[in-house]
Structure formats: structure tokens, C-alpha cells
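Asker: Here is a sequence together with a model predicted from it:
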Amino acid sequence: MKFVTAIIKPFKLDEVREALSEIGVQGITVTEVKGFGRQKGHTELYRGAEYVIDFLPKVKLEVAVSTKLLKKVIEAIEKSAATGKIGDGKIFVMDLEEVKRIRTGETGEDAL
Amino acid sequence: MKKILSKFSLAGLTGLLMMGFSHIAMSEEMVAAMEEVATINSGDTAWMIMATILVLLMAIPGLALFYGGLVRSKNMLSVLMQVFVTFSMMSVIWVLWGYSLAFSEGPYNDYVGGLSLAFLSGITGDSISGTIPEFVFVTFQLTFFALTPALIVGAFAERIKFSSLLVFLAAWGTLVYAPICHMVWGGGIISQMGAVDFAGGTVVHINAGIAALVGAIVLGKRIGYGKESMAPHNLPFTMIGASLLWAGWFGFNVGSELAADGTAGLVMINTQVAAAAGVLGWIVMEWISKGKPSMLGGASGAIAGLVAITPACAVVGPLGAIILGIVASIIAYWAVTSLKIVLGYDDSLDVFGIHGVAGIVGALGLAVLMSSQFGGTGYGDGMSMMSQLIVQAKSIGITVVWCGVISYVLFKIIDATMGLRVSEEDERTGLDSTSHGETAYRS
């Protein structure tokens, strides 16, 4: 099993969620986050006082998937989150040791 | 309609009489006697009651929201409280001794009134001031007395001790506002000089601006000023507040005519176009110098334009008002974006930069724009553009010195006794919870 974390542009969240549902992903977790990358921040001016906004708002989504679905998941996120402009985000993949569904006690891929 | 017609014909008749037919129909004494019988005009009275409530709306919620939106969210309620409570406290002081010091005759009548009208003694429901009940006049002037100290609040927002603020403003209203008001509108030296201040350029705006500047300097900067982000927490509030100020300003300026007449109409159009021109002046400056026009810029420009037209609104024409609005807004823009940084004071919400600076521009600019060449109403007997300009400069000078010196002394006394600032820890935590025990926003 794999654990996929993606940082994407906030307005792309709905498209990514739909793309993931279509390929059979059963659930995702979403967090509003801030950060910086190559896109850098921007400046805001209030009556001449200049403030540099270093951290831009992004959405972090986390998905646990079976190894055989991984390729499709990465493809789906990549396609649906892309705008072609700087700041589209990144996808991180990690090994996932164990999963347990709290209600039933199921483990492994059955619990995904 | 019938009433208007009859009023019109009466005015026409009086005009004819004045023009030389008086010897036929009526002697001049009879005309004078007719004018002397003071009666209440219900149209004027109705308008003045409305105007008073409009000025109240300027302060609460207008000014409170304008300022509230500009501070950080941890200080939102503290600013609302400072405006709300100041407005209330000054209202009471006005009745106790403020009105008397401003509008009664006293032993030092050039500078300040006496105490004969303290507690509004002797004024009854039958007392008349001009064509309106005196109580209406008292309440209208009360809103000015209550609004002006509330303007100053913006200079030391986010760091002043609430109790010290109230003590300062109570003393300031008594020792600075009431005398200046008496000098300008109560028959004191500034009015004797022939200075024009129709609705409060010196009394309200320059006065508040100078006290604000002195306060910002004596209190010192907010912790983290220039290093940490102090960006406004809610500019939509600021826009709503500026809009309420704009609407309420009609009560302030047009109401200062104390009647619903032709001059009131002139004041009305001037007030509107000066504010609008102020918006355009400010955002164009931003667009050119910083690349983007901003909402805060638009709101600030409107206030700068309104401040500048305040002393001038009954003596300039609509084109003069547009010029005054644009010029004041551009100079105020320079004051808050450059002058403040060069001089290094932290006037949190730019009370001096907008009210003080645009007020001075208005008080001086009217000397030029009231010329009939610019569509103004022209100069008084024996006055020219130059002599008017000198008189205006003197009236500004008196206000700046009187207000500056007394404000400085008051701040120093309070600093030495009660302390002016909250503790560093309280300032960092925010004044909402540390001074008032409540929080504006919960998530």
C-alpha cells in the first residue's frame, strides 16, 4: 500500500476529487495549508506600508491507496491539478505499513 | 407646493422691498422688526434633527467601523469600544460644561465662553437659536464635540490604556475643543479675524489631527512597527465605515447651515463632489506610483476630500470643490505614504495624515477657491485672496499651537501619573481580551 500526499492549488480541489472518485478512490483527507515554493509570495500595500506575503494558500490532500492503483492515482492528480503555470504543486508518495478501519477492525487493503 | 409658492412670493416681495420700494410699502424699521421676531421654522427644525442623527451615524457605527477594519483582529473590539465610549462620555460632558464653554459669553470671551450655561441652565423647550429650538442646536453641536475626540482615537489605537484614553479625551474636550470652538463659532478671536470655517476644518479636523500627531509621538510606536505585519484585518468594514462617514457628512456640512435653504443646497453638491474627487485623486496616485489602485485608497481618498471641503463647503463652487477634493487627497496621500515614514512616527490609522493634512489644505485652499473667478461666493468686505489667505493661515496657526501645546502637556501628565500604554504582554496579546475581556471573532 502507498500513502499519497499532494499539494495543489485550492481552486483545483473539486476537479481532483472528481478525478480520484472516477478511478475508484474511496476517500481522501483535505487540509488548507500555507507554504512557499518556486512560485514565491507577493506583496501587499496598505497606505504605503508594504507587507511581503511569503506563504501562499494551498490545499494538501492525503490518500491511502493499494499499490496497483498508485499509477492511476498519480496520473489522475497530475492531470486534474495542472494549469501549466508555476505553483501547481507536488505529489509525494510513501510506503504505507498498515491500515485499520476502526469500526470493523479490518486491516490491510480491505480497510482502504 | 402651495407652501413653496407662498414662500417664494414672500421672498420675492421682500426682495422688491429691499430694492427700493420700501419707502412706498413699508419703512425699513418695520422690515427689521419683522425679522427680529424669532420663530421656529419647522422645515429648518426637521432638517436639523435629521442632520444631528446623520452626524451620530458618522461616529457610531461609521467611524468605529472605518477604524475597526484597519486594526488587527485582536484589537477590533478595543477600537469599537474607544469610539463608542468616547462618543458617550463627551455627550455627557457637553451638557455639564462643554456647551457653556463653547457657546456662552465669558470673562475671557476672545478665547473661551463662561459657565453661565453649565448644565444647560436656563435653556427650555421654548428657547430658540436662529430658527430652530436651542435644544436642537445644543444636540447638533454635541455630536461635533463627541465625534472630534473619537477621531483622535485612531492615532494611538492598538496600544493605549483605556482609562488613560478617557481621561485624556475628557480633558482635551474641555481645554482644547471647547475653546477652539468658541474662538471659531462662539464669537472668539478666530471669527473676529474673518476666518472662514463653515463646518469645522479647524475646530474638528485640524484640531483632531494635531492632537493625534502629538499623541502618536508621545506614546511611541506599536511593538513590532515596521517589522511585523500590521495589515488591516477587515477592509470591507473599513469600506462600510467610510461610506457611512460619507453619508453622515451631509448632516455635518449641510447641517452647519442650520437651515434648509439655498446655501444648504450649495453645501450639499460641494460635499458630494469633493468626496468623489478625493476618491479619484487617491487611487490615481496609487495607480501611478504603486501600480495598483486599492479599496483602502478609495476609502481614504473619500475621507480626505470630505475633510478638505468641510471648512470650504459654503464659499466655493462645485468646480472649486472638485479641485479641493483632488488636491487634498493627493497631498494626504503623500503625507501618509512619505511624510509619515520620513518623520518616523506611528500614527496607527493616519489621523494626522488625513484629517490634519487635508484639513489644512481645505482651510488654506478655500482662500483661493472662494474667489468668484473660480465660481466661489467671493470675499467679505475689505478682504482679498491674499488677506483671506493670511487670516486662514493665522486661524490654522492658533489651532495648531493651542491644541499642540495643551495636548502635549496633557499626554505628559497622564504618562507620568497613570501611564499611557498597556504592558508589552497585553499589547502582544491584543487589547480585546486584555483590556475588555472579550474577543471579536471565534472560529
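Answerer: Okay, I see it.
Asker: thought residue B:320 was touching residue B:314?
Answerer: No. Shown here, residue B:320 and residue B:314 do not form a contact pair, counting by Cβ atoms under 8 Å, at 11.5 Å. No exception for glycine: its C-beta is placed from N, CA and C like everyone else's.
Asker: Just want to know which of those two has more residues nearby.
Answerer: A count of neighbours by other Cβ atoms under 10 Å in any protein chain shown puts residue B:320 above the other of residue B:320 and residue B:314, at 26 against 22.
Asker: Need the residues that contact the helix or strand that contains that one.
Answerer: For residue B:320, the host element (DSSP states H and E) is helix B:318-334. The contact list for helix B:318-334 (Cβ atoms under 8 Å, 6 or more residues apart in numbering or on different chains) reads B:269-271, B:273-282, B:285-286, B:297, B:300-301, B:304-305, B:307-309, B:312-313, B:316, B:353-354, B:357-358, B:361-362, B:365-366, B:369-370, B:374-376.
Asker: Show the contacting residues for the residue in chain B that chain A sits nearest to.
Answerer: Nearest residue of chain B to chain A, counting by Cβ to the nearest Cβ: residue B:337, 3.1 Å away. Neighbouring residues of residue B:337 by Cβ under 8 Å, 6+ apart: A:47-48, B:289.
Asker: Okay, now the unreliable bits of chain B?
Answerer: Chain B contains residues with pLDDT under 70 at B:1-36.
Asker: Give me the most central residue, it.
Answerer: The residue lying closest to the centre of chain B (Cα atoms, centre = their mean) is residue B:204, at 3.6 Å.
Asker: What residue in chain A comes nearest to chain B?
Answerer: For chain A, Cβ to the nearest Cβ, closest residue to chain B: residue A:48, 3.1 Å.
Asker: who touches that residue in this structure?
Answerer: Per Cβ under 8 Å, 6+ apart, neighbours of residue A:48: B:336-338, B:340-341.
Asker: if we go to 7 Å?
Answerer: Residues in contact with residue A:48, defined by Cβ atoms under 7 Å, 6 or more residues apart in numbering or on different chains, are B:336-337, B:341.
Asker: Mind giving me the packing neighbours of the longest helix anywhere in chain A?
Answerer: Criterion DSSP state H: the longest helix present in chain A is helix A:70-81. The contact analysis (3 or more Cβ pairs under 7 Å, 6 or more residues apart in numbering or on different chains; DSSP states H and E) places helix A:70-81 against strand A:2-8, helix A:13-22, strand A:89-95.
Asker: repeat that for 6 Å
Answerer: Packing partners of helix A:70-81 (3 or more Cβ pairs under 6 Å, 6 or more residues apart in numbering or on different chains; DSSP states H and E): strand A:2-8, helix A:13-22.
Asker: that older thread, tell me the SS of the residue of chain B closest to chain A?
Answerer: Following DSSP: H, G, I helix; E, B strand; the rest coil, the label given to residue B:337 is helix.
Asker: Show the average pLDDT along the longest helix of chain A.
Answerer: For helix A:70-81, the mean pLDDT works out to 96.
Asker: send the alpha carbons of it over as CSV?
Answerer: Extracted in CSV, the C-alpha atoms of helix A:70-81 (Å, rounded to 0.1, in the frame of the first residue of the first chain):
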residue,chain,number,x,y,z
LEU,A,70,-0.9,4.0,-7.4
LYS,A,71,0.0,4.8,-11.0
LYS,A,72,-3.6,5.7,-11.9
VAL,A,73,-3.9,7.9,-8.8
ILE,A,74,-0.8,9.9,-9.6
GLU,A,75,-1.9,10.3,-13.2
ALA,A,76,-5.4,11.5,-12.1
ILE,A,77,-4.0,14.1,-9.7
GLU,A,78,-1.4,15.2,-12.2
LYS,A,79,-3.9,15.7,-14.9
SER,A,80,-6.7,17.4,-12.9
ALA,A,81,-4.5,19.7,-10.9
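Asker: neighbouring contacts of it?
Answerer: Contact with helix A:70-81 is made by A:2, A:4, A:6, A:8, A:12, A:15-16, A:19-20, A:23, A:65, A:91, as judged by Cβ atoms under 6 Å, 6 or more residues apart in numbering or on different chains.
Asker: 8 Å - rerun?
Answerer: Residues outside helix A:70-81 that contact it (Cβ under 8 Å, 6+ apart): A:2, A:4, A:6, A:8-9, A:12, A:15-16, A:18-20, A:22-23, A:25, A:63, A:65, A:88-89, A:91, A:93.
Asker: Show me which of the residues you listed are buried.
Answerer: Buried members of the contacts of helix A:70-81, counted by 16 or more other Cβ atoms under 10 Å in any protein chain shown: A:2, A:4, A:6, A:8-9, A:12, A:15-16, A:19-20, A:25, A:63, A:65, A:88-89, A:91.
Asker: Could I get the full set of helices for the stretch 101-250 of chain B?
Answerer: Ranges of helices in the stretch 101-250 of chain B, per DSSP state H, counting those that start in this stretch, are B:134-152, B:162-172, B:178-185, B:189-192, B:207-219, B:235-255.
Asker: Please pull up the helix or strand immediately following the last one.
Answerer: Next helix or strand after helix B:235-255 toward the C-terminus (DSSP H and E): helix B:262-290.
Asker: For burial, what's the neighbour tally of residue A:100?
Answerer: 12.
Asker: Also residue B:381?
Answerer: When neighbours are defined as other Cβ under 10 Å, residue B:381 has 5 of them.
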